[in-house]
Every structure is written in structure tokens, then in C-alpha cells.
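1. Quick one, fold the following:
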Amino acid sequence: QVQLVESGGGLVQAGGSLRLSCAASGRTISSVGMGWFRQAPGKERVLVARIVSTWSGVNTYYVDSVKGRFTISRDNAKNTMYLQMNSLKPEDTAVYYCNTYPPINSYWGQGTQVTVSS
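-> Just a heads-up that it's a prediction; the model follows:
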């Protein structure tokens, strides 16, 4: 049974930083595309960043709103993915989830709440 557990969220002031973790069990994440998603109140869940291993190396993608501020990475030895979030803005407030990319419905976890105060 695959389980993805997010952690690291919290309350932070604008301009602050947080590092989210996604610990995976039941499946090795190094061989699949992985992504961070977020869902703000009253909005749909959307992709924030993804990481994919290709023949030439690791490929990352970020939505425009987080480019230059967020960094996605993974530690294959720990089977864990991370999202380093810097220069946080109030509009980054959301519940953050990790999943494969593309996402698999049964893999969604509880997420971790990130709240950025102005």
C-alpha cells in the first residue's frame, strides 16, 4: 500500500521560509515523476512544482507564481521529496500535497497547511 505523508507546514510571516517534506512508503519515488500541489480555500488543487528523472538528469518545473522562490528536490536514499519555499507571500497560503506526476487519486494524503501572514 502506497502512502505519502506531508509535513513541515505552519504559520509564517510574509518573506519567511518553510521546507515541506513528503515521505513515501510502499513505492520508490526515484523512478517516477513527483509533484507538489496546493489547494487554497475555495479553489481547486493545482500543481506547484514537479520533478522527473530523465535520461539526461533531473528535470524540474515550476508554475510562474513560485519560480525563483520554491525549489523541489528529493532524497532517493530516504525516499522523500522536499519543497523549499522562500520569500513566502500571503497568496501562497494553502494546503500542500504531494503525489506522483501525473497524480494518482488513491495516493492523496492529508496534506500540510501553510499559512502566510501579511
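
2. Beta-bridge partners for the spatially most central residue of the chain, please?
-> For the chain, the residue nearest the mean C-alpha position is W36 (2.8 Å; C-alpha atoms, centre = their mean). Following DSSP bridges, W36 is listed with bridge partners A49, C98.

3. Now for it: which residues touch it?
-> Counting by C-beta atoms under 8 Å, 6 or more residues apart in numbering, W36 touches 20, 22, 47-50, 70, 72, 81, 83, 96-98. C-beta: built from backbone N, CA, C; applies to glycine.

4. Most neighbours among those residues, please name it.
-> Neighbour tally across the contacts of W36 (other C-beta atoms under 10 Å): the maximum, 31 neighbours, falls on C98.

5. From what I see, A49 and K67 are in contact.
-> No - the pair A49 / K67 is not scored as a contact, 9.2 Å apart, by C-beta atoms under 8 Å.

6. Quick check: chain neighbours aside, which residue is closest to Y82?
-> S73 (5.0 Å; C-beta to C-beta, 6 or more residues apart in numbering).

7. Surely that neighbour and Q84 touch.
-> Yes - S73 is in contact with Q84 according to C-beta under 8 Å; the separation is 7.2 Å.
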